[in-house]
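Colleague: sequence first, predicted model second:
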Amino acid sequence: MSSRQRRLGREAVNSTLAVILVLMVILSPFVAVPATNAAAIVAAPAVAASSTVLAADATSAADAMASAAVHADSARLKLERMGLAFEPNVGQMDASVRFQARGMGGILSFMPGQVVLTLPTTARTEAIVKLEFEGANTASDITGLDQLPGVVNIIRGNDPSQWHVDIPTFAGVQYHELYPGIALDYVGTAGTLKGTYQVEPGADPSCIRWHYSGVSSVHLDEASGELHVSVRGNDASAGPTDLVETAPVAWQMNGEQRTPIEVAYRVGADGTVSLKLGEYDRTKPLTIDPTIVLPAGGASPEASRASARPAAKSSAPRATFGTGSGTMSLLVMPAVAYSACISGMMIFCWL
């Protein structure tokens, strides 16, 4: 048997085990026959035992399937609402990436001057979208915010020198001095990416500009104030799906009180996006808060937005468990887990 055949065989076994593990996690609370059913079967007359067992089994199987479906939906919903975990690059990914986060909305890679979004457009296709900041400081430091209790361990092959263990995870990342006097923070859930521009007194927010590449179009919905970015995957037969930037909000603090500031997107003829601000006090800090709603596997913008409601920041640890190419990414945490299989990647979320 060739080495390639052996590798393919190992990948097939790993994938099969991963699917079995997901089914076990989802179905395990429901597969036991209730004691009341068992007692009824024992007490039944011998002549009717066979039909009673079949009826009980059929009822239990139907109940188990229905309960399993509810449990799976609940697990998925909890997974979608968990905060993203941002993983720093310590050599386990391309050198151009500083941090990466994975969620139901895809893979988010944070690089100098840009964010690259690998988005599922259907169950089997994906699109690569780049959000590039124009005129930004590409030497800006990118650091983690609020370290989480979980760590990631990535084991590749048999050479321990190539393994990466105890990789910390963070609740967010910050681009320091992305523009003069302006920092950009990112946090999010599995279906959203929330950016917050922190504008220091005297800094000029009009320099904040970005554009999308790898998309079909960028359209401003005047009624809602939302920015709709049409994304088409690598399957020509599949229609486009929308990535949505919700209408931004802005404010300044006056003591303990938040004073709202008028803000809206402005889209140039070349597709460049900037911010149009109302009057504000330039001697005080200004916060501008847009949110990106990620398309979840080709779902409509409305479905993606509904499944990605903002949630309180969670300190619950989370990580990925890869099943392909001999890669295993493990998280050592409490053993209460929800799981889902996304694009061949097993995702475990410890609650």
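Modeller: Right, received. Where do you want to start?

Colleague: how about residue 137, phi and psi?
Modeller: phi -80, psi 100 (degrees, to the nearest 10).

Colleague: pLDDT weak spots in the stretch 1-150 of the chain?
Modeller: 1-82, 104-105, 122-123 (pLDDT under 70).

Colleague: can you pull out the strands in the stretch 101-250 of the chain?
Modeller: 106-111, 114-120, 126-133, 142-156, 164-179, 182-189, 192-199, 209-213, 217-220, 227-231, 241-254 (DSSP state E, counting those that start in this stretch).

Colleague: of all these, which one comes closest to residue 268?
Modeller: When the strands of the stretch 101-250 of the chain are ranked by distance to residue 268, counting by Cβ to Cβ, first place goes to strand 209-213 at 8.5 Å. (Each C-beta comes from the backbone N, C-alpha and C, glycine too.)

Colleague: in its sheet, what does that closest one sit against?
Modeller: strand 126-133 (antiparallel), strand 273-277 (antiparallel) (DSSP bridges).

Colleague: with residue 295 as the reference, name the closest of these.
Modeller: Of those, the one closest to residue 295 (Cβ to Cβ) turns out to be strand 126-133, at 8.9 Å.

Colleague: tilt between the closest one and strand 106-111?
Modeller: Put simply, strand 126-133 runs at 30 degrees to strand 106-111, going by axes from the mean of the first three to the mean of the last three Cα atoms, to 10 degrees.

Colleague: ok, back up a step: right, so of the strands of the stretch 101-250 of the chain, which gets closest to residue 94?
Modeller: Nearest to residue 94, of all those, is strand 106-111, at 8.1 Å by Cβ to Cβ.

Colleague: who are the packing partners of the closest one?
Modeller: Counting contacts by 3 or more Cβ pairs under 8 Å, 6 or more residues apart in numbering; DSSP states H and E, strand 106-111 is packed against strand 99-103, strand 114-120.

Colleague: report all helices and strands that the shortest one contacts.
Modeller: Here strand 99-103 is seen to pack against strand 86-88, strand 106-111, strand 182-189 when contacts are counted using 3+ Cβ pairs under 8 Å, 6+ apart.

Colleague: which residues outside the shortest one are in contact with it?
Modeller: By Cβ atoms under 8 Å, 6 or more residues apart in numbering, the residues outside strand 86-88 that reach it are 98-101, 110, 144-145, 152, 167-173, 186, 319.

Colleague: are any of the residues you listed buried, and which?
Modeller: Listed as buried from the contacts of strand 86-88 are 98-101, 110, 144, 152, 167-173, 186, 319; burial here means 16 or more other Cβ atoms under 10 Å.

Colleague: circling back to that earlier point, next, format the strands of the stretch 101-250 of the chain as a markdown table and append distance to residue 290.
Modeller: Below are these laid out as a markdown table (distance: least, Cβ to Cβ, whole Å):
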| stretch | distance to residue 290 |
| --- | --- |
| strand 106-111 | 15 |
| strand 114-120 | 12 |
| strand 126-133 | 11 |
| strand 142-156 | 17 |
| strand 164-179 | 14 |
| strand 182-189 | 10 |
| strand 192-199 | 5 |
| strand 209-213 | 10 |
| strand 217-220 | 13 |
| strand 227-231 | 8 |
| strand 241-254 | 4 |
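
Colleague: among those strands, which comes closest to residue 293?
Modeller: strand 241-254 (4.4 Å).

Colleague: mind listing what's buried in the closest one?
Modeller: Those would be 241-252, for strand 241-254 by 16+ other Cβ under 10 Å.

Colleague: test my guess that residue 266 contacts residue 275.
Modeller: Yes: using Cβ atoms under 8 Å, residue 266 is in contact with residue 275, at 6.9 Å.

Colleague: from residue 262, how far off is residue 138?
Modeller: Applying Cβ to Cβ, to the nearest Å, the value for residue 138 to residue 262 is 31 Å.

Colleague: whoops, residue 178 was the one
Modeller: When distance is defined by Cβ to Cβ, residue 178 is 23 Å away from residue 262.

Colleague: then residue 245?
Modeller: On the measure of Cβ to Cβ, residue 245 and residue 262 end up 17 Å apart.

Colleague: what does residue 147 give?
Modeller: Distance from residue 147 to residue 262, by Cβ to Cβ: 36 Å.

Colleague: check residue 171 too.
Modeller: Distance, residue 171 to residue 262, by Cβ to Cβ: 30 Å.

Colleague: deepest of the helices and strands packed on strand 99-103, which one?
Modeller: strand 86-88 (a mean of 24; mean count of other Cβ atoms under 10 Å).

Colleague: avg pLDDT for stretch 261-271?
Modeller: For stretch 261-271, mean pLDDT rounds to 96.

Colleague: check what pLDDT the residue lying closest to residue 208 once chain neighbours are set aside gets.
Modeller: Closest residue to residue 208 apart from its sequence neighbours, by Cβ to Cβ, 6 or more residues apart in numbering: residue 275 at 5.7 Å. Predicted confidence (pLDDT) for residue 275: 97.

Colleague: bridged to residue 275, which residues?
Modeller: residue 265.

Colleague: roughly how far apart are it and residue 250?
Modeller: Distance, residue 275 to residue 250, by Cβ to Cβ: 8 Å.

Colleague: which residues are in contact with both of these two?
Modeller: Listed contacts common to residue 275 and residue 250 are 263, 288; contacts here mean Cβ under 8 Å, 6+ apart.
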